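In: just to be clear, the model below is a prediction. Sequence and coordinates:
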Amino acid sequence: MRAVSRRLPVGFLVAAGILLPWVPLLLSLREAASESPLPPPARDPPPPEARVPGRSSFP
């Protein structure tokens with residue numbers, strides 16, 4: 001039982017060390033998303049005539 005109680009804080013420290021650097025990035029992304037509406041898509045999908053007949057667009 002002692003080994004588990006000694007390893008548990010280490011696991012929390014490792015998880016915090018991995019997660020904490022992402023917090024400012026996630027907060028800035030949330031603020032940016034709430035300030036501006038979603039941008040339009042980069043480009044429209046090709047019209048059906050541009051597709052090669054007999055081939056699906058899925059791999």
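Out: Everything's here; your move. Residues are numbered from 1 along each chain as shown.

In: model confidence for residue 49, exactly?
Out: According to the prediction, residue 49 has pLDDT 63.

In: then residue 22?
Out: pLDDT recorded at residue 22 is 90.

In: can you count the residues close to it?
Out: Using other Cβ atoms under 10 Å, residue 22 has 10 other residues around it. Placement of C-beta: from N, CA and C, glycine included.

In: ditto for residue 31
Out: For residue 31, using other Cβ under 10 Å, the count is 10.

In: ok, now residue 30?
Out: Residues lying near residue 30 (other Cβ under 10 Å) number 10.

In: that one is in what secondary structure piece?
Out: Per DSSP states H and E, residue 30 falls inside helix 22-35.

In: what comes up buried for that helix?
Out: Across helix 22-35, burial judged by 16 or more other Cβ atoms under 10 Å covers no residue at all.

In: just the CA atoms of that helix, as PDB, please.
Out: C-alpha atoms of helix 22-35 as PDB (Å, rounded to 0.1, in the frame of the first residue of the first chain):
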ATOM      1  CA  TRP A  22      -1.800  23.600 -22.800                       C
ATOM      2  CA  VAL A  23      -4.000  25.700 -20.500                       C
ATOM      3  CA  PRO A  24      -3.100  29.200 -21.900                       C
ATOM      4  CA  LEU A  25      -3.300  27.800 -25.500                       C
ATOM      5  CA  LEU A  26      -6.800  26.400 -24.900                       C
ATOM      6  CA  LEU A  27      -8.000  29.600 -23.200                       C
ATOM      7  CA  SER A  28      -6.700  31.800 -26.100                       C
ATOM      8  CA  LEU A  29      -8.400  29.500 -28.600                       C
ATOM      9  CA  ARG A  30     -11.700  29.700 -26.700                       C
ATOM     10  CA  GLU A  31     -11.400  33.500 -26.600                       C
ATOM     11  CA  ALA A  32     -10.600  33.700 -30.300                       C
ATOM     12  CA  ALA A  33     -13.500  31.400 -31.200                       C
ATOM     13  CA  SER A  34     -15.900  33.500 -29.100                       C
ATOM     14  CA  GLU A  35     -14.800  36.800 -30.600                       C
END
